[in-house]
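*Asks:* Predicted structure and sequence below. I'll ask about it afterward.
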Amino acid sequence: MARITWDVSEKIPELRLLGMERLKEAAEIIKDEAKRILKSKMKGAPINRPVYKTGDYAGQYWTEREYGAMIRTVRVVAKRGATGREVRIYAGNSKTWWATQMEYGRGGWKGGPRSFLRPAINKSIPKIKQLIENG
């Protein structure tokens, strides 16, 4: 009987990169679903307003509101490099800072939580399972 010896550690970076591609694809599925959910929550007349001109926060760029701005901020970010094993889905930025309040309803958010990321994860599970199983 032949004995096969193989040091798998030299192939781990290559295998990790293959897994990362699937993970990024899964994150893209969740991102797309989150954007769909956000679009469905946009009801009524568009709300746009310029930067505050008076008051304590006059001239602050983050006081401006632009219809659909939160949707454009949903993105997938992957750690770079061969050892990178992180993929994150972000929503919001310094201008659309209220993503956490929207998701969880924190800070006295008017109308309570309007979650979009957690439901997107739940709705995406069948598609992600198919991606993992069938490529």
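*Replies:* All right, it came through fine.
*Asks:* On the pLDDT front, check residue 11 for me.
*Replies:* Per-residue pLDDT puts residue 11 at 66.
*Asks:* Next: the one 5 residues further on.
*Replies:* Note for residue 16: predicted pLDDT of 70.
*Asks:* Checking my notes, it in a helix, right?
*Replies:* Yes - counting by DSSP: H, G, I helix; E, B strand; the rest coil, residue 16 is found in a helix.
*Asks:* And the spatially most central residue of the chain, how close does it get to residue 127?
*Replies:* In the chain, the C-alpha nearest the mean C-alpha coordinate belongs to residue 89, at 2.7 Å (Cα atoms, centre = their mean). According to Cβ to Cβ, to the nearest Å, residue 89 stands 15 Å off from residue 127. (Each C-beta comes from the backbone N, C-alpha and C, glycine too.)
*Asks:* again, but for residue 116
*Replies:* Counting by Cβ to Cβ - residue 116 and residue 127 are separated by 17 Å.
*Asks:* of the two, who's got more company?
*Replies:* When residue 116 and residue 127 are compared for neighbours, residue 116 comes out ahead with 23 against 15, by other Cβ atoms under 10 Å.
*Asks:* residues contacting the more buried one?
*Replies:* Applying Cβ atoms under 8 Å, 6 or more residues apart in numbering, we find residue 116 in contact with 34, 37, 38, 41, 91, 102, 103.
*Asks:* pretty sure residue 16 contacts residue 23?
*Replies:* No - contact criterion Cβ atoms under 8 Å: residue 16 and residue 23 do not qualify, at 9.9 Å.
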